[in-house]
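**Student:** kindly generate the corresponding structure for this input.
(one chain, ligands or ions: 3)
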Amino acid sequence: MIPKLHYISQGSSSEEQLENIQKACTSGAELVQLRLKNVSEKNFLKVAEAAREITSHFQTRLIINDYYKIAKEVKADGVHLGKTDSCPTIARKHLYSWQIIGGTANTLQDCETLLDKQINYISLGPFRETTTKDKLPPVLGLNGYTAITDVLKTGTPILGVGGITTEDVTAILKTGISGIAVSGDITRDFSKIRTFNQLLNASSTAEQRYTFE
Ligand SMILES: Cc1ncc(COP(=O)(O)OP(=O)(O)O)c(N)n1
Ligand SMILES: Cc1ncsc1CCOP(=O)(O)O
Ligand SMILES: [Mg+2]
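**Tutor:** Numbering: from 1, shown residues only. Ligands and ions are numbered 1, 2, ... in the order given. Down below sits the predicted model:
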């Protein structure tokens, strides 16, 4: 099962990225996506190795953004690929059979294309404007989500992404979206992970970690 909450990492240095990943893990994140821009592949690999070590310690799943070869090398749980990244079909041939592939969609057509490529989850957005990513396509909002999920009727999980805060979760879930990917709202306050998990009715393992540690 794909966790309902994905924390997309951020940080202005490798150290800050890793600190944020550790904070996400200790705050109960079930899945972290390592998203690190403007570094060489060699440096990305180093950070990915460290992120794998941290996430493994907490039994938190790790998704690598953009680089499927690095996802294989560090034995991450999977890779996230956008529309201008490698094709999921090519990544699938390279990855271990147990590794998952997520894809970005901004339209119904994108979702259908990804489903044909047998991805494991779709991330549909942006829900609203956000400063975390440049050059965003038009926002979908609740109406856009409803319009797309009404037509799609798929068993593949569809996550919402883009400017999502705890206040949006209940309404988003009513549109047929089954999970969310969040960066800014969590990085500003890692205790929000617990609130997100409660709102999503997610993360029984994270709750157990809270109870028994
Ligand atoms: C969960 C999730 N959803 C969307 C994205 C965006 O991917 P992409 O369009 O490839 O853009 P970059 O993140 O690579 O800038 C994502 N990373 N994760
Ligand atoms: C990576 C990405 N892709 C579409 S929106 C987005 C950013 C999500 O971050 P935030 O939750 O801070 O808006
Ligand atoms: Mg990408």
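**Student:** what about the strands in this protein?
**Tutor:** Ranges of strands in the chain, per DSSP state E, are 5-8, 31-34, 61-65, 78-81, 100-105, 121-124, 158-161, 179-182.
**Student:** adjacent strands (with direction) for the fifth one?
**Tutor:** Sheet pairing for strand 100-105, assigned by DSSP bridges, gives strand 78-81 (parallel), strand 121-124 (parallel).
**Student:** ok, that strand near ligand 3 or not?
**Tutor:** No - judged by C-beta under 5 Å from the ion, strand 100-105 and ligand 3 are separated, with a smallest distance of 6.9 Å. Heads up, the C-betas are built off the backbone N, CA and C, glycines and all.
**Student:** hang on, the earlier thing: can you redo the strands paired with strand 100-105 as CSV with mean pLDDT?
**Tutor:** Shown next, in CSV, are the strands paired with strand 100-105 (pLDDT from 0 to 100):
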stretch, mean pLDDT
strand 78-81, 98
strand 121-124, 98
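**Student:** out of those strands, flag the one nearest residue 114.
**Tutor:** Comparing those by their distance to residue 114 (C-beta to C-beta), the top pick is strand 121-124, with 5.4 Å.
**Student:** low-confidence stretches in the protein?
**Tutor:** Low-confidence segments of the chain (pLDDT under 70): 203-213.
**Student:** up against ligand 2, what does it have?
**Tutor:** Taking C-beta under 6 Å from any ligand atom, the part of the chain that reaches ligand 2 is made up of 8, 125-126, 130, 132-133, 161-164, 182-185.
**Student:** do I have it right that residue 21 meets residue 33?
**Tutor:** No - Residue 21 is beyond contact range of residue 33, at 9.7 Å (criterion: C-beta atoms under 8 Å).
**Student:** residues that sit against both of these two, list them.
**Tutor:** residue 9 (C-beta atoms under 8 Å, 6 or more residues apart in numbering).
**Student:** out of the residues of the chain next to ligand 2, which end up buried?
**Tutor:** Buried members of these, counted by 16 or more other C-beta atoms under 10 Å: 8, 125-126, 130, 132-133, 161-164, 182-183, 185.
**Student:** filter the residues of the chain next to ligand 2 down to just the ones in helices.
**Tutor:** 184, 185 (DSSP state H).
**Student:** could you list which of the residues of the chain next to ligand 2 also contact ligand 1?
**Tutor:** 8, 133, 161.
**Student:** quickly list what residue 78 is bridged to.
**Tutor:** With DSSP bridges as the rule, residue 78 is bridged to residue 63, residue 100.
**Student:** ok, and the closest non-adjacent residue to the residue in the chain positioned nearest to ligand 1?
**Tutor:** The minimum distance from the chain to ligand 1, using C-beta to the nearest ligand atom, falls at residue 82 (1.8 Å). Of all residues not flanking residue 82 in the chain, residue 104 sits nearest, at 4.2 Å (C-beta to C-beta, 6 or more residues apart in numbering).
**Student:** the one you found contacts residue 79, correct?
**Tutor:** No - applying C-beta under 8 Å, one finds residue 104 not in contact with residue 79, separated by 11.9 Å.
**Student:** the two - which one has more neighbours?
**Tutor:** Taking neighbours as other C-beta atoms under 10 Å, residue 104 and residue 79 compare with residue 79 leading, 28 against 22.
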